[in-house]
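**Student:** okay, here's the prediction I keep looking at, along with the sequence it came from:
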Amino acid sequence: MADTDTTSTALDNAFAGVVDALVELMRSGVRPDVLEAQRLLLQRLAQQGDVFPSRVPAPLNITEVGGYLNLLESAGQLDMRASAVASALGVAGPAPGSAALGGVVPVGFVEVANDRPAGAAQASIPPLLSVRADFHAPLQTALATLHASGCALPLRAPRATLPANQPGATATSLDLDLALAALGRSLEVFPGTLLVDPTSDALAIARPETPATEPLRLVARTLDGSTMVAEASWVAVRASATGIATDAPTAARYLEVAPVLQTAGWLHPQPLVAPTALASRGTLVRFVNVTGLVPGETTLGAELALLYPPAAIARSAFAALTAWVWDGSSFAAPV
């Protein structure tokens with residue numbers, strides 16, 4: 001009896017360890033393959049778990065098992081029949097249909113670590129940033145380039161959500177900013193990390209002192225004393241609630257951000273607009289990514305289907321616009 005109890009305890013401990021490992025996997029995974037495993041685990045829990053006790057008596061012999069299987073086959077429930085066989089054998093059955101969970105999306109979103117430089121805004125900066133899974137690797141490479149130069153780039157992504165459908169509304173145009181945000185193709189610099197005090201902010205809107213015709217640009221200040229970025233004389237801008245002011249030229253180690261993010265497909269929206277106040281920061285603090293959008297070919301529906309299940313798209317304000325085509329600058333009704 002003691003041996004039986006010891007064995008049972010060991011099995012219980014082993015099972016608890018497996019459960020703990022699965023919980024940790026579902027909680028902390030960020031890679032696309034891990035997220036897919038999370039989805040499968042949750043799907044099995046939702047559709048194949050023993051949620052309610054069975055009302056059917058357990059089969060007493062193989063003949064009764066065969067009867068149940070024949071019943072499922074005659075009812076056309078072949079998927080359930082395969083799951084029943086797998087359950088009897090104690091192995092994972094075929095993946096259930098995903099209709100109950102809204103469908104499986106091929107790309108989706110992943111979370112990456114966000115920069116949180118010291119400063120008054122640090123407490124507000126989210127530690128994680130949600131980005132499209134297919135943009136993840138290039139963005140990480142670009143951020144690593146900035147980090148290697150001693151710079152930081154705190155970002156935020158507009159919430160990737162589908163606008164609700166308005167009954168009776170007929171769309172004649174498309175809000176491009178809203179569409180790009182829903183498609184995970186929009187990022188912006190986190191507020192409070194620039195335009196406040198260029199001498200201490202992690203980022204700045206500035207231009208080289210000479211020539212005076214140089215346009216303003218987004219730059220990142222070296223934060224760790226690194227000398228990898230050459231020191232130069234810069235003229236930076238600071239903003240208030242009502243306007244902007246230009247600082248006197250000062251020596252600083254600033255790295256231009258746009259060329260680095262451009263390698264990952266992220267560009268400033270055009271035309272470039274300089275800030276006019278803290279609440280009107282212009283387009284130098286924003287980035288959009290249009291890689292993969294082929295003019296005259298890519299439809300809004302195809303892009304949405306990479307990120308959202310069909311049922312969610314059908315309930316959204318974009319439902320009637322899925323046939324609209326990318327024309328090089330926006331999605332427009334097909335001609």
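**Tutor:** Perfect, I can see it now. Numbers count the residues shown, from 1 in each chain.
**Student:** rest of the way, CA atoms for contacts and neighbours
**Tutor:** Noted.
**Student:** and stretch 127-137, C-alpha only, in PDB?
**Tutor:** This file holds the C-alpha atoms of stretch 127-137, laid out as PDB (Å, rounded to 0.1, in the frame of the first residue of the first chain):
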ATOM      1  CA  PRO A 127       6.900  47.800 -20.700                       C
ATOM      2  CA  LEU A 128       5.600  45.900 -23.700                       C
ATOM      3  CA  LEU A 129       4.700  47.100 -27.200                       C
ATOM      4  CA  SER A 130       2.200  45.200 -29.400                       C
ATOM      5  CA  VAL A 131       3.400  44.800 -33.000                       C
ATOM      6  CA  ARG A 132       2.400  42.700 -36.000                       C
ATOM      7  CA  ALA A 133       4.200  39.400 -35.900                       C
ATOM      8  CA  ASP A 134       5.600  39.800 -39.500                       C
ATOM      9  CA  PHE A 135       7.100  43.300 -38.500                       C
ATOM     10  CA  HIS A 136       8.600  42.000 -35.300                       C
ATOM     11  CA  ALA A 137      12.100  40.800 -36.400                       C
END
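**Student:** mind listing what residue 296 touches?
**Tutor:** Residues in contact with residue 296, defined by CA atoms under 8 Å, 6 or more residues apart in numbering, are 325-328.
**Student:** highest neighbour count among those residues?
**Tutor:** residue 325 (23 neighbours; other CA atoms under 10 Å).
**Student:** related to what we said a few turns ago, which ones among the contacts of residue 296 map onto strands?
**Tutor:** Among the contacts of residue 296, DSSP state E puts 325-326 in strands.
**Student:** show me which of the contacts of residue 296 is closest to residue 76.
**Tutor:** Taking CA to CA as the measure, residue 76 lies nearest residue 325 of the contacts of residue 296, at 41.1 Å.
**Student:** thinking again about what came up before, make JSON lines from the contacts of residue 296 and add distance to residue 262 and pLDDT to it.
**Tutor:** Compiled in JSON lines, the contacts of residue 296 are given as follows (distance: CA to CA, whole Å; pLDDT from 0 to 100):
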{"residue": "325", "distance to residue 262": "24", "pLDDT": "95"}
{"residue": "326", "distance to residue 262": "21", "pLDDT": "96"}
{"residue": "327", "distance to residue 262": "21", "pLDDT": "94"}
{"residue": "328", "distance to residue 262": "17", "pLDDT": "93"}
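**Student:** who are the packing partners of the helix or strand harbouring residue 144?
**Tutor:** Of the helices and strands defined by DSSP states H and E, residue 144 is found in helix 136-148. Under the contact definition 3 or more CA pairs under 8 Å, 6 or more residues apart in numbering; DSSP states H and E, helix 136-148 sits against helix 258-262.
**Student:** pull out the buried positions in the helix it packs on.
**Tutor:** By neighbour count on 16 or more other CA atoms under 10 Å, the buried set for helix 258-262 is 258, 260-262.
**Student:** now do stretch 286-303
**Tutor:** Buried-residue list, stretch 286-303, by 16+ other CA under 10 Å: 286-290, 293, 298-301.
**Student:** residue 219: neighbour count?
**Tutor:** Neighbour count of residue 219, defined by other CA under 10 Å: 24.
**Student:** next, give phi and psi for the residue nearest to it when sequence neighbours are not counted.
**Tutor:** In space, residue 219 comes closest to residue 256 once its chain neighbours are excluded; the distance is 4.4 Å by CA to CA, 6 or more residues apart in numbering. In terms of degrees, to the nearest 10, the main-chain angles of residue 256 are phi -70, psi 130.
**Student:** list the contacts of residue 256.
**Tutor:** For residue 256, the residues meeting the contact criterion (CA under 8 Å, 6+ apart) are 217-220.
**Student:** partner strands of the helix or strand harbouring residue 188, with direction?
**Tutor:** Using DSSP H and E, residue 188 falls within strand 186-189. If you go by DSSP bridges, strand 186-189 pairs up with strand 155-156 (antiparallel), strand 286-289 (antiparallel).
**Student:** what mean pLDDT does the shortest one have?
**Tutor:** Mean per-residue pLDDT for strand 155-156: 96.
**Student:** what does stretch 194-213 give?
**Tutor:** The average pLDDT within stretch 194-213 is 95.
**Student:** so which bits of it are buried?
**Tutor:** For stretch 194-213, by 16+ other CA under 10 Å, it's 194-198, 201-209.
**Student:** tell me which element residue 210 falls in.
**Tutor:** Applying DSSP H and E, one finds residue 210 in no helix or strand.
**Student:** contacts for stretch 261-273?
**Tutor:** Stretch 261-273 is contacted from outside by 135, 138-139, 141-143, 258, 282-291, using CA under 8 Å, 6+ apart.
**Student:** ok, residue 141 to residue 318 distance?
**Tutor:** Separation of residue 141 from residue 318 (CA to CA, to the nearest Å) stands at 33 Å.
**Student:** what about those two, which has more around it?
**Tutor:** Using other CA under 10 Å, the more surrounded residue of residue 141 and residue 318 is residue 318, with 22 against 15.
**Student:** surely that one meets residue 165?
**Tutor:** Yes: between residue 318 and residue 165 there is a contact at 7.5 Å, judged by CA atoms under 8 Å.
**Student:** so where's the stretch 51-200 of the chain shaky on pLDDT?
**Tutor:** Counting by pLDDT under 70, the low-confidence segments of the stretch 51-200 of the chain come to 51-56, 79, 87-104, 166-173.
**Student:** good, wrapping up.
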